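Novice: generate a structure from the sequence data that follows.
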Amino acid sequence: MNEFIAKHQKCILGVLSGFDRVRFRGTFRVLAVAKLLLVWLTHRKVLIKDFGDFAESLTQRLKQSVEEVTQQHGQKIQFLASSKWSKENLVAKVIRRKGLTEGVVCVLSAVESCRSYEVRRNPETKMLDLEAQPRKCLHWYVYFLDAVLGLCHVRIQSWLPFTVHVCVNGRERLCRELTKQGIGFERRDNCLARVDDVAAAQQILDSQPWEAWSTRLDDLVRRACPALLELPSFGGRPHEYYWSADETEWATDVMFRSEEKLAELYPSLIQHAMSTFSSRDVMRFLGKVRIPKSGVDVRFNGEVVTKHLVRPEGVCIKHRLNRNTLKMYDKQGSVLRVETTINDTSDFGVHRASEQDPSGPKKWRKLRKGVADLPRRAAISQATNARYLTAHAAVDSQTPLGQVADKLAKPVVTKKSRARGLTPLTGIDSQLITILLRGEFALNGFRNRDVRNLLFPTTNAATNDSTSPNIATSDSNATALAQRRRQSGQVTRLLRLFRAHGLIQKIPHTHRYQLTATGRRILPTFPAARAASTQALSQIAA
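Specialist: Got it, this is the predicted structure:
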C-alpha cells in the first residue's frame with residue numbers, strides 16, 4: 001500500500017483504514033442446539049408435547065418487553081408488509097423529520113426467514129423429538145442513535161432460539177468521536193472526504209477491534225428488549241449471549257484532493273484489475289499465499305469470480321473467493337475505497353491456544369467468528385487491502401500508449417542474440433497478444449500447442465479432418481503434419497521473442513508459459529486501443 005500512496009502522494013489528502021459495517025450475531029448456546037435445548041426443557045419440566053405452548057409464552061414475554069420499550073420512547077411498532085422495503089431509507093426520513101441526535105429512532109417489525117424448531121415424530125424411536133428447521137417468524141428492528149456507536153440497530157428473532165443481530169458502523173463511531181474531540185471533518189454519506197487530523201482519526205479506528213464488544217452489545221440488547229437477558233437458564237442464572245462477528249467490512253479510504261484527480265486515475269485502475277489480475281492473484285490478495293507456482297492447489301475446492309458493477313455510489317470492481325469478497329470503487333467523487341468483506345472465517349488462521357486449554361501452547365488454528373478474534377480479523381483485512389493497493393501501484397494513467405509501443409518496437413540486443421521489435425497494434429504480434437490475454441490462460445498458463453491451435457484455427461481443423469480414415473490419404477496426412485510442425489516452429493520463435501521483451505516467462509519444470517507482471521500491465525492496452533472507435537479517439541484528441 002505504501003508504494004501506491006507514495007506514487008500518488010501529491011494528489012492524496014490522507015488514508016483511513018478501519019471497520020465500515022459490522023454485523024454481530026448473539027446466540028444462546030444452550031438454546032441453539034436441539035440436544036442442549038432438550039436438556040433445558042427437562043430442567044424446566046416442560047414436556048415435548050407442550051413445547052409449542054411454552055415457546056409461545058416466551059415469545060409473548062419478549063413482545064411485551066419490546067412494546068414497553070417502544071412506549072417509553074413515545075414510539076409505535078411499525079409493521080413492514082415486505083422485508084424488501086428499505087429500512088435504512090425509512091429510518092433516515094424519521095431522523096430528518098424529528099431532528100434526532102440520540103435515543104431510540106423507531107421500532108420496525110417484519111416477517112423474515114429464520115431457523116427455529118419443530119416438533120416431529122422420530123421414525124426410529126417412534127417418539128416426539130425437536131428438529132431445527134428453516135422457518136419464518138416476526139422480527140423486531142430497534143434503531144438507536146447511540147452516544148458512542150452512532151446509528152445502529154438490534155434485530156430480534158421472536159421465536160426460539162431468540163437469535164439477535166446487531167449492526168454497527170465503524171465510520172459512524174469515528175464521526176462521533178471526532179466531533180467529541182473537536183476535530184474537523186467532511187462527511188459524505190458513509191465515508192469521510194477530509195479530516196483535519198488524519199493520524200488521530202486512524203488511532204480511533206485502530207482501537208475499534210479491541211473494544212469490549214460483548215459488554216457493549218449486551219447493553220444494546222438490554223435497551224431494546226430487557227426480557228431477553230432475563231430468560232432463566234440453569235440454577236436460576238440468566239442466559240448469556242455468545243457474540244460473534246457474522247460479517248465484517250474493513251474499508252481503506254484513499255482521500256484524493258479533488259474529484260478530477262481520482263476521475264483521471266480510476267479508469268486505469270479498473271482496466272488494470274479486469275485485465276491483469278488472475279484467479280491466482282485474487283487468491284493471494286485474500287490470504288491464499290501458499291499456492292503452487294503453477295497449476296491449482298488440489299486442496300482448494302471453491303470458486304473465484306471477478307465482476308464489474310455500476311452502482312449509485314460509483315463504478316465497482318468486485319473479486320470473490322468463496323464467500324469472502326474484495327471490492328474497489330470510487331465513492332462520493334473523491335474517495336477511492338478498497339473494502340474486504342469476510343463472511344467465512346474458516347479460510348483464515350489465528351495463532352492461539354485451544355479453547356479447552358486456554359493456558360496451553362499456542363499454534364495456528366482456524367480463525368473463529370467470536371469477537372475474541374476480531375483484532376486478528378482486522379489485521380487480515382488490512383493486509384488484504386494493502387496487497388491490493390500495492391498491486392495497483394504499477395498503474396500509470398499518464399504514460400502515453402505511443403511511448404509504450406515505441407519501447408516495444410525497439411530491438412532487444414544481448415551478447416548472444418538479437419530480438420526484433422514488436423508491432424503490438426498490427427500483424428501477427430497483435431494476434432498473439434489477443435490470444436495470450438484469453439481468460440483460460442490466466443490460471444494455468446499456456447503451451448505452444450494452445451497458441452498454435454488459436455493462431456492457425458483453419459489449419460488445425462483441416463488436420464483433424466485429414467486424420468479421419470474415411471476422408472484423407474496418407475499423403476495428405478504427411479502434408480498436414482509437416483505444416484503443423486512449421487507452425488509450431490513459428491509459434492516457438494514468437495514466444496521466444498515475447499520472452500526477450502520481458503512480456504512472458506516460462507513456468508519452471510513445465511512446458512507452459514505465463515504473462516509477467518509487465519506483460520499483464522501493458523498488453524491489455526493494445527486490444528483496447530484496437531477496439532476503440534475512431535470517433536471516440538477523435539474526441540480525445542480534440
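Novice: from here on, just use CA atoms for contacts and neighbour counts.
Specialist: Will do.
Novice: where in the protein is pLDDT low?
Specialist: Residue ranges of the chain with pLDDT under 70: 289-301, 312-314, 394-399, 439-440, 442-443, 458-474, 532-542.
Novice: give me the distance between the residue of it most remote from its centre and Val154.
Specialist: Distance to the chain centre peaks in the chain at Asp475, reaching 58.2 Å (criterion: C-alpha atoms, centre = their mean). Plainly put, Asp475 is 80 Å away from Val154 if you go by C-alpha to C-alpha, to the nearest Å.
Novice: quick check: Ser244 is in a strand.
Specialist: Yes: the assignment for Ser244 (DSSP: H, G, I helix; E, B strand; the rest coil) places it in a strand.
Novice: burial count for it?
Specialist: A total of 21 residues lie near Ser244 under the criterion other C-alpha atoms under 10 Å.
Novice: ok, now which ones touch the residue lying closest to Ala353 once chain neighbours are set aside?
Specialist: Take Ala353 and drop its neighbours on the chain: the residue closest to it by C-alpha to C-alpha, 6 or more residues apart in numbering is Lys362, 4.2 Å away. Going by C-alpha atoms under 8 Å, 6 or more residues apart in numbering, Lys362 touches His351, Arg352, Ala353, Ser354.
Novice: what packs against the host helix or strand of Leu262?
Specialist: Leu262 is located in helix 259-276, with elements delineated by DSSP states H and E. Applying 3 or more C-alpha pairs under 8 Å, 6 or more residues apart in numbering; DSSP states H and E, we find helix 259-276 packed against strand 314-321, helix 517-522.
Novice: okay, the angle between that helix and strand 314-321?
Specialist: On the basis of axes from the mean of the first three to the mean of the last three C-alpha atoms, to 10 degrees, helix 259-276 is oriented at 30 degrees to strand 314-321.
Novice: next structured bit after helix 259-276?
Specialist: helix 279-285.
Novice: and that following helix, what does it pack onto?
Specialist: Packing partners of helix 279-285 (3+ C-alpha pairs under 8 Å, 6+ apart): strand 304-311, strand 314-321, helix 374-391, helix 441-444.
Novice: which one of the contacts of Lys362 is nearest to Ala386?
Specialist: Using C-alpha to C-alpha, His351 comes nearest to Ala386 of the contacts of Lys362, at 21.1 Å.
Novice: tell me the secondary structure at the closest residue to the closest one other than its chain neighbours.
Specialist: Distances taken as C-alpha to C-alpha, 6+ apart place Trp364 nearest to His351, at 4.4 Å, with adjacent residues excluded. Following three-state DSSP, we place Trp364 in the strand state.
Novice: give the contact list for Trp364.
Specialist: With C-alpha under 8 Å, 6+ apart, Trp364 has these contacts: Gly349, Val350, His351, Arg352.
Novice: how close does it sit to Arg387?
Specialist: Applying C-alpha to C-alpha, the value for Trp364 to Arg387 is 22 Å.
Novice: just Trp213 next, same as before
Specialist: 28 Å.
Novice: ok, which stretches of the stretch 151-300 of the chain are helices?
Specialist: With DSSP state H, counting those that start in this stretch as the criterion, the stretch 151-300 of the chain has helices at 170-181, 198-207, 213-224, 259-276, 279-285.
Novice: can you redo those helices as JSON lines with distance to Ser65 and mean neighbour count?
Specialist: JSON lines is the format used below for the helices of the stretch 151-300 of the chain (distance: least, C-alpha to C-alpha, whole Å; neighbours: other C-alpha atoms under 10 Å):
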{"stretch": "helix 170-181", "distance to Ser65": "28", "mean neighbour count": "18"}
{"stretch": "helix 198-207", "distance to Ser65": "34", "mean neighbour count": "16"}
{"stretch": "helix 213-224", "distance to Ser65": "8", "mean neighbour count": "18"}
{"stretch": "helix 259-276", "distance to Ser65": "49", "mean neighbour count": "17"}
{"stretch": "helix 279-285", "distance to Ser65": "46", "mean neighbour count": "20"}
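Novice: of all those helices, which one comes closest to Val315?
Specialist: Among those, the nearest to Val315 by C-alpha to C-alpha is helix 259-276 (8.6 Å).
Novice: quick check: angle from that closest one to strand 304-311?
Specialist: If you take the same axes, to 10 degrees, helix 259-276 sits at 150 degrees to strand 304-311.
Novice: restricting to C-alpha, output stretch 256-275 in CSV.
Specialist: Presented in CSV, the C-alpha positions along stretch 256-275 are these (Å, rounded to 0.1, in the frame of the first residue of the first chain):
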residue,chain,number,x,y,z
PHE,A,256,-8.0,12.5,-3.0
ARG,A,257,-7.6,16.2,-3.1
SER,A,258,-10.2,16.6,-5.9
GLU,A,259,-12.7,14.6,-7.8
GLU,A,260,-10.8,15.4,-11.1
LYS,A,261,-7.6,13.6,-9.8
LEU,A,262,-9.5,10.4,-9.0
ALA,A,263,-11.6,10.5,-12.1
GLU,A,264,-8.4,10.7,-14.2
LEU,A,265,-6.8,7.7,-12.5
TYR,A,266,-9.7,5.5,-11.8
PRO,A,267,-10.5,4.1,-15.3
SER,A,268,-6.9,2.9,-15.5
LEU,A,269,-7.3,1.1,-12.1
ILE,A,270,-10.5,-0.6,-13.3
GLN,A,271,-8.8,-1.7,-16.6
HIS,A,272,-5.8,-2.9,-14.7
ALA,A,273,-7.9,-5.0,-12.3
MET,A,274,-10.1,-6.5,-15.0
SER,A,275,-7.3,-7.4,-17.5
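Novice: who touches that stretch?
Specialist: Residues from elsewhere that reach stretch 256-275 (C-alpha under 8 Å, 6+ apart): 11-14, 193, 306, 308, 317, 330, 333-336, 392, 395-397, 437, 520-521, 524.
Novice: wait, which of the helices of the stretch 151-300 of the chain is closest to Gly370?
Specialist: Proximity to Gly370, assessed across the helices of the stretch 151-300 of the chain by C-alpha to C-alpha, is greatest for helix 213-224 (9.9 Å).
Novice: give the other helices and strands that that closest one contacts.
Specialist: When contacts are defined as 3+ C-alpha pairs under 8 Å, 6+ apart, helix 213-224 packs onto helix 51-72, strand 150-157, strand 241-256.
Novice: between these, which one is nearest to Gln514?
Specialist: Closest approach to Gln514 among the helices and strands packed on helix 213-224 (C-alpha to C-alpha): strand 241-256, 31.0 Å.
Novice: chain center to that closest one: distance?
Specialist: Distance of strand 241-256 from the chain centroid (C-alpha atoms, centre = their mean, to the nearest Å) equals 11 Å.
Novice: show me the domain layout of the protein.
Specialist: Using automatic domain parsing, the domain ranges for the chain come out as 2-353+365-394, 402-541.
Novice: quick one: which of the helices of the stretch 151-300 of the chain is nearest Thr492?
Specialist: That would be helix 259-276 among those, by C-alpha to C-alpha, at 23.8 Å.
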